[in-house]
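Chemist: Below are the sequence and a predicted model; questions follow.
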Amino acid sequence: MSVTVDANILVYASNEAEPVNGRALELVERLARGPEIVYLVWPTIMGYLRIVTHPSVLPQPLNPEDAISNVETLVSLAHFRTPGRRGLPRPDLPRSWRRPYNPVPVGLNTILEFASSA
């Protein structure tokens, strides 16, 4: 069996002020244990990064490095898939995301600047 995860589940799991935080966190932890194949699509990843790092959305937003680390933890699991336009089963998150002034593939700088803007 396989499942996909909505950005809201990841946001709820990261936001301790959210009333359903415990249930969302339990679901993410259960999915992380496997064995189901979990599809985490790029729009979900980018939506999660945008929401959890924005100070107007969460009472205690994550810093971008912590948010990216959360995503890296999930996509590094063997049963997580991040389908992309090139058909890569599990593309790595670029290490250069941690250094905002280093060049990254086209489009990622804009997305990350947008995600970390206040």
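Modeler: Structure received.
Chemist: Excluding sequence neighbours, find me the nearest residue to residue 59.
Modeler: residue 17 (4.9 Å; CB to CB, 6 or more residues apart in numbering). Yep, even glycine has a C-beta here, placed from its N, CA and C like the rest.
Chemist: Just say helix, strand or coil for the one you found.
Modeler: coil (DSSP: H, G, I helix; E, B strand; the rest coil).
Chemist: Pretty sure it sits against residue 52.
Modeler: No - Residue 17 is beyond contact range of residue 52, at 11.8 Å (criterion: CB atoms under 8 Å).
Chemist: Now the common contact residues for these two.
Modeler: Residues touching both residue 17 and residue 52 by CB atoms under 8 Å, 6 or more residues apart in numbering: residue 58.
Chemist: Which one's more surrounded, these two?
Modeler: Neighbour tally, residue 17 and residue 52, criterion other CB atoms under 10 Å: the higher count belongs to residue 52, 25 against 8.
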